[in-house]
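Peer 1: the following comprises the amino acid sequence and a computationally predicted model.
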Amino acid sequence: MSSGTSLEPAEAQPRTPALADEAVTDDMGVRAQRWAWPALPEAQRTTLLDVLVHGNRSRAELARRSGLSRASLSRVTRRLVDAGLVREAGAPPLEGRGRPSEMIEIVPEAARFIGFKLTGDSLYAAVVDLGANVLHSEGQPLVTKVVGDVVTLIEQVVDRLREQFSRVAAVGVCLAGDVRFEDRHAVVVGSAFLGWDEVPLETLLARATGLPVAVSNDVQALTTAHHWFGAGVGASSLAVIGLGAGIGCGIVVDGELVKGAHGHPAKVGHLPVTSEGPRCDMGHVGCASAYVTIPAILRNTGGAGFWESLAAARGGDERADAAFRQAGTALGAVIAVLVNIVDPERVIVTGEGLAIAEYASDEMTTALAARLDPVSEAPAVQLRTFHFTDYAWGAAITAIRNLI
Ligand SMILES: [Zn+2]
């Protein structure tokens with residue numbers, strides 16, 4: 001499943017000793033690296049973030065948005081240029097009168113981030129640059145779920161990828177499970193797929209890799225990535241629904257990801273949809289998870305696999321067709337609840353089970369309209385093509401966000 005090394009783009013600058021990030025081990029056995037993400041003062045962080053999230057900006061625009069004087073902004077951008085994180089590009093064509101203002105753009109190769117997605121049986125990895133481009137992706141089976149073994153496996157993959165990619169600044173890991181912050185460190189407070197509970201994964205991995213580590217729920221990570229760089233760019237409120245082994249949801253309100261008080265935000269999986277019908281694996285009758293997850297589709301179609309079930313539905317199998325259509329109705333009901341509560345600008349549906357929404361988009365739209373509050377407005381619902389590296393990409397983007 002590896003895409004190999006051919007995706008590694010030519011280095012923009014030759015690797016010099018100053019840029020090499022060779023791993024070293026100190027006398028305490030703690031691993032560290034020679035190159036590290038520079039510590040940036042607040043004004044530099046804010047400016048970098050503005051260019052990162054909103055694309056190339058002119059100095060004039062940056063000054064206007066930050067409230068800094070042109071002179072202060074010049075100092076801030078000069079330091080970011082010196083750190084190699086942004087560069088000055090040519091001035092845009094002059095419209096009307098006035099002095100042209102140089103454009104500031106991100107240097108994508110300035111830093112790399114390694115993102116991981118952990119499932120119950122696989123470990124996916126993606127190397128992403130500062131411009132959110134995926135440079136490399138790979139996957140391997142997870143042969144053990146023992147925490148120490150998984151930490152060692154991730155450490156080995158990080159070591160190998162750092163041989164291949166210089167300037168790795170941070171690591172991100174996401175998983176199907178809940179994450180709570182204790183003393184500002186992420187703790188996995190529950191993952192049914194991995195059988196983990198109260199695992200201080202961020203601390204364990206930071207110690208093992210010597211790098212800053214961001215740990216998050218997988219759909220939360222994907223939500224951040226779509227908000228910054230994907231289908232949610234420009235939306236100040238957003239809901240992302242991931243269909244797969246379960247149904248997960250991430251919510252952005254007023255530009256911020258909702259994290260919840262206990263690490264369990266946006267739990268839509270067991271929302272009631274019908275008062276009769278199939279049961280989910282928790283025994284609820286007619287909840288969302290009884291219809292709109294891949295395991296529910298298999299139960300309700302009687303099929304051996306998801307794609308076989310979809311093919312059966314397309315081929316006119318009545319039971320399979322009904323299972324997908326009911327799943328579409330359940331999805332519409334879930335979206336209606338989100339819209340009634342959050343009123344998001346945009347809803348993105350993605351994940352391995354996206355084909356449910358594609359097959360039954362009419363049922364989804366009908367159920368959404370039927371369950372909206374009379375004054376609510378139906379949001380734009382986008383069905384977003386899913387790639388197996390998307391969650392690892394999301395984990396890497398979360399690592400960028402945490403670092404800046
Ligand atoms: Zn349920």
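Peer 2: Okay, I see it.
Peer 1: need the residues of the stretch 51-200 of the chain near the ion, please.
Peer 2: Residues of the stretch 51-200 of the chain lying near the ion by C-beta under 5 Å from the ion: none. For glycine as for every other residue, the C-beta is placed from the backbone atoms N, C-alpha and C.
Peer 1: the stretch 51-200 of the chain: strands as residue ranges?
Peer 2: Taking DSSP state E, counting those that start in this stretch as the criterion, the stretch 51-200 of the chain carries its strands at 57-58, 86-89, 103-106, 112-118, 122-129, 134-141, 168-175, 178-182, 185-190.
Peer 1: which neighbouring elements make contact with the fourth one?
Peer 2: Okay, so that is strand 112-118. Packed against strand 112-118 by the contact rule (3 or more C-beta pairs under 8 Å, 6 or more residues apart in numbering; DSSP states H and E) you find strand 122-129, helix 147-164, strand 168-175, helix 390-403.
Peer 1: swap in 10 Å and give it another go.
Peer 2: Packing partners of strand 112-118 (3 or more C-beta pairs under 10 Å, 6 or more residues apart in numbering; DSSP states H and E): strand 122-129, strand 134-141, helix 147-164, strand 168-175, helix 201-209, strand 213-217, helix 218-229, helix 390-403.
Peer 1: does Glu363 touch Ala369 like I think?
Peer 2: No - using C-beta atoms under 10 Å, Glu363 makes no contact with Ala369, being 11.1 Å away.
Peer 1: what about the residue nearest to Thr203 when sequence neighbours are not counted, how many neighbours?
Peer 2: Spatial nearest neighbour of Thr203, excluding adjacent residues (C-beta to C-beta, 6 or more residues apart in numbering): His185 at 5.5 Å. His185 has 14 neighbours, counted by other C-beta atoms under 10 Å.
Peer 1: contacts only, for His185.
Peer 2: By C-beta atoms under 10 Å, 6 or more residues apart in numbering, the contact set of His185 is Pro200, Leu201, Glu202, Thr203, Ala206, Val213, Val215.
Peer 1: gap between it and the ion?
Peer 2: 31 Å (C-beta to the ion, to the nearest Å).
Peer 1: swap in Val213?
Peer 2: With C-beta to the ion as the criterion, Val213 and the ion are 32 Å apart.
Peer 1: ok so, going back, need the residues touching each of Glu363 and Ala369.
Peer 2: Going by C-beta under 10 Å, 6+ apart, residues that sit against Glu363 and also against Ala369 are Gly332.
Peer 1: thought Phe306 was touching Ala355?
Peer 2: Yes - between Phe306 and Ala355 there is a contact under C-beta under 10 Å: 7.6 Å.
Peer 1: so between those two, which is more surrounded?
Peer 2: Legend: neighbour count by other C-beta under 10 Å for Phe306 and Ala355, higher for Ala355 (22 against 18).
Peer 1: so which strand or helix has that one?
Peer 2: helix 354-359 (DSSP states H and E).
Peer 1: after that helix, next one along is what?
Peer 2: Using DSSP H and E, the helix or strand that follows helix 354-359 in sequence is helix 361-371.
Peer 1: got the domain ranges for this protein?
Peer 2: 42-108, 111-224+390-403, 234-383 (automatic domain parsing).
Peer 1: okay, those in TSV with distance to Ala36 next?
Peer 2: Output for the domains of the chain, formatted as TSV (distance: least, C-beta to C-beta, whole Å):
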stretch	distance to Ala36
domain 42-108	11
domain 111-224+390-403	7
domain 234-383	26
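Peer 1: circling back to that earlier point, switch the helices and strands packed on strand 112-118 over to CSV; also include mean neighbour count.
Peer 2: Output for these, formatted as CSV (neighbours: other C-beta atoms under 10 Å):
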stretch, mean neighbour count
strand 122-129, 23
strand 134-141, 17
helix 147-164, 16
strand 168-175, 28
helix 201-209, 20
strand 213-217, 28
helix 218-229, 27
helix 390-403, 27
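Peer 1: mind checking these for the one nearest to Asp50?
Peer 2: helix 218-229 (11.8 Å; C-beta to C-beta).
Peer 1: by how many degrees do the helix or strand that that closest one is followed by and helix 390-403 diverge?
Peer 2: The helix or strand immediately downstream of helix 218-229 is strand 238-243, counting by DSSP H and E. On the basis of axes from the mean of the first three to the mean of the last three C-alpha atoms, to 10 degrees, strand 238-243 is oriented at 140 degrees to helix 390-403.
Peer 1: shaky segments in the stretch 51-200 of the chain?
Peer 2: 90-101 (pLDDT under 70).
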